[in-house]
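[1] For reference, the sequence and a predicted model appear below.
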Amino acid sequence: MSKNFSLEGRILASTTVALLIGTTLSWLLVSLGLHSMPSWALGLILGIFVNITLIRWVLRPLTTTLNSLQGGLLNFRDGDFSISLVPPRDTELSQITNLYNEIGEHLRRERAHIYQRELLLDTVIQSSPQALILVDQSDHIIYSNSSAKKLLNRGKPIQGLLLQQLLPNSPGEIANAIEKWENGLFNFTDSHGTHSMHIGNSTFVLNAHKHRLIVLREMTKELTRAEVEVWKKVIRLISHELNNSLAPISSLAHSGKMLIAKPDKATALEKVFDIIAERCKHLTEFTQGYASFAKLPPPSCEQVNWRELTERIAPLQEFILKGELPERPGYFDPVQIEQALLNLIKNSREAGSNSEDIELSIRTDGLGQQLVIADRGCGMSEKVLQQALLPFFSTKEQGVGLGLALCREIVDAHGGRIQLMNRSGGGLQISLWLPWKEQP
């Protein structure tokens, strides 16, 4: 039967042929003298048998094609798009198989394209200096790059590990920041020296499950370059201030020399000397601010009573003491740490925080002592947070940028570390960690 006929036409033709065969047989049997009822019964049986046989033969290509399509779709479900179907000679069925093959080819190209993009993205991420860790909702690490392996596990693979298994092998400061979901800038020390690191945490939904992305960015080189730019700025600033004062002083000194010879100009001469004294006073105040940073003496550490420290600070800068004071006395230079705390509380007030929102908390453990200043001011932007500890960097119009830098120098001189981070709900938190006295 021609494959050019439609499926309905072939079924109709098969039924017609079976009907003709059954009717013809019945007429032949009747003409041979057989009773009409048995003759028509035999013709009907033969017609049904022929009809079933012809229809099965007509539908065989359709059944074969459907079985092939079922197998191909199962391969699609399993992600295998490499199977193509041989088009049958049937015109209608060949259109279906051709469409299936076109879809399979399109999916193969799309998967190859996606694979190339994933390969490129993975290459970029693996070569990135930023340490990236992707953690699922059960705290299993499902992705990490080379920088993360090197920083957190000495270059060994970490994919598949629990985050809690990884932290003990990581630097203590990093492990503590990851465990507490902290975002901000902090310092840590290893065998290669002191490093500045910025950590960021974010969450998103992937495949209907919550995931956490941890990004650790090495800031040491950037901060070093920024410090060079800051020093250049400082030199220009000092040069500008000196020129603004020395030029009028020189001019006034020359005018004073001319006025000495004129006794009636005593009043004018006195005014000249007053202006010179005023400019000298300005220069003295200007240079003293930088001298306090450049000439910071080594800390003279001693045991410090926490209650006495907070009572000395309270009359100078208002704050709220959060929690109980540790029973174990502190060990540091009380003058320098007191100055650092006063600077931090003053910065919190200037950032727009009320006195009742500025909190000081003090904690100790077997490793060291931690002093935390938390406020509800305007906080810091990401860019400001990365440069806040640089000397002479300031967002204030009249600021010289020495407050936080001086705190950093004091903490570094004690062998400790300082950490800045924005608080959830607004405000800034600054932590000063100081070690105990080294045992001989």
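    Sure, I can see it. Numbers count the residues shown, from 1 in each chain.

[2] Contacts for stretch 177-186, please.
    Residues outside stretch 177-186 that contact it (C-beta atoms under 8 Å, 6 or more residues apart in numbering) are 163, 167, 170, 173, 176, 196-201, 214, 219, 385-386, 388-389, 417-422, 429. (Glycine included, C-beta is placed from N, CA and C.)

[3] and if you look at stretch 201-208?
    Looking at stretch 201-208 with C-beta under 8 Å, 6+ apart, the contacting residues turn out to be 181, 182, 183, 210, 211, 212, 213, 214, 215.

[4] Go again with 10 Å.
    134-137, 142, 177-178, 180-183, 210-215 (C-beta atoms under 10 Å, 6 or more residues apart in numbering).

[5] Output the below-cut-off pLDDT ranges for the stretch 251-400 of the chain.
    251-296, 387, 390-400 (pLDDT under 70).

[6] Would you map the strands across it?
    302-304, 320-321, 330-332, 359-364, 368-374 (DSSP state E, counting those that start in this stretch).

[7] and residue 151, which of those strands is closest to it?
    Of all the strands of the stretch 251-400 of the chain, strand 368-374 sits nearest to residue 151, with 22.6 Å by C-beta to C-beta.

[8] Do a quick rundown of the strands in the stretch 51-200 of the chain.
    Using DSSP E, counting those that start in this stretch, the strands of the stretch 51-200 of the chain run over residues 131-135, 141-144, 184-190, 193-206.

[9] Could you list the buried residues of the longest one?
    Pointing back at strand 193-206 there. 195, 196, 197, 198, 199 (16 or more other C-beta atoms under 10 Å).

[10] Heading C-terminal from that strand, find the next helix or strand.
    The helix or strand immediately downstream of strand 193-206 is strand 209-218, counting by DSSP states H and E.

[11] in that next one, what's buried?
    Quick answer for strand 209-218 (16+ other C-beta under 10 Å): 211, 212, 214, 215, 216, 217, 218.

[12] neighbouring strands for it, and are they parallel or not?
    Using DSSP bridges, strand 209-218 pairs in its sheet with strand 131-135 (antiparallel), strand 193-206 (antiparallel).

[13] could you dump these to CSV with mean pLDDT and distance to residue 104?
    Converted to CSV, the strands paired with strand 209-218 look like this (pLDDT from 0 to 100; distance: least, C-beta to C-beta, whole Å):
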stretch, mean pLDDT, distance to residue 104
strand 131-135, 86, 32
strand 193-206, 77, 27
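
[14] Output those as JSON lines; include the columns distance to residue 352.
    Shown next, in JSON lines, are those (distance: least, C-beta to C-beta, whole Å):
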{"stretch": "strand 131-135", "distance to residue 352": "34"}
{"stretch": "strand 193-206", "distance to residue 352": "24"}
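
[15] Of these, which is nearest residue 63?
    Nearest of the strands paired with strand 209-218 to residue 63, taken as C-beta to C-beta: strand 193-206 at 42.3 Å.

[16] Residue 435 is in contact with residue 299, correct?
    No. Applying C-beta atoms under 10 Å, one finds residue 299 not in contact with residue 435, separated by 11.7 Å.

[17] out of these two, which sits in the more crowded spot?
    Higher neighbour count among residue 299 and residue 435: residue 299, with 18 against 14, using other C-beta atoms under 10 Å.

[18] So for residue 299 and residue 435, which residues contact both of them?
    332, 414, 415.

[19] my read: the last one touches residue 369, true?
    In other words, residue 415. No. The pair residue 415 / residue 369 is not scored as a contact, 11.9 Å apart, by C-beta under 10 Å.

[20] Need the overlap of contacts for these two.
    332, 433, 434, 435, 436.

[21] Just say helix, strand or coil for the second one.
    Assigned state for residue 433: strand (three-state reduction, DSSP: H, G, I helix; E, B strand; the rest coil).

[22] what pairs with it across the strands?
    residue 370, residue 417.

[23] Could you give the number of residues near it?
    22.

[24] how long is stretch 420-437 end to end?
    24 Å (C-alpha to C-alpha, to the nearest Å).

[25] rewinding a little: I'd like to know which of the shared contacts of residue 299 and residue 435 are buried.
    Buried among the shared contacts of residue 299 and residue 435 (16+ other C-beta under 10 Å): 332, 414, 415.

[26] JSON lines for those, including distance to residue 60?
    As requested, those are exported to JSON lines (distance: C-beta to C-beta, whole Å):
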{"residue": "332", "distance to residue 60": "92"}
{"residue": "414", "distance to residue 60": "89"}
{"residue": "415", "distance to residue 60": "87"}
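
[27] Return the closest of those with respect to residue 45.
    Minimum distance to residue 45 across these is 105.5 Å, recorded for residue 415 (C-beta to C-beta).

[28] That closest one looks like it's in a strand, true?
    No. Going by three-state DSSP, the assignment for residue 415 is coil, not a strand.

[29] Done for today, thanks.
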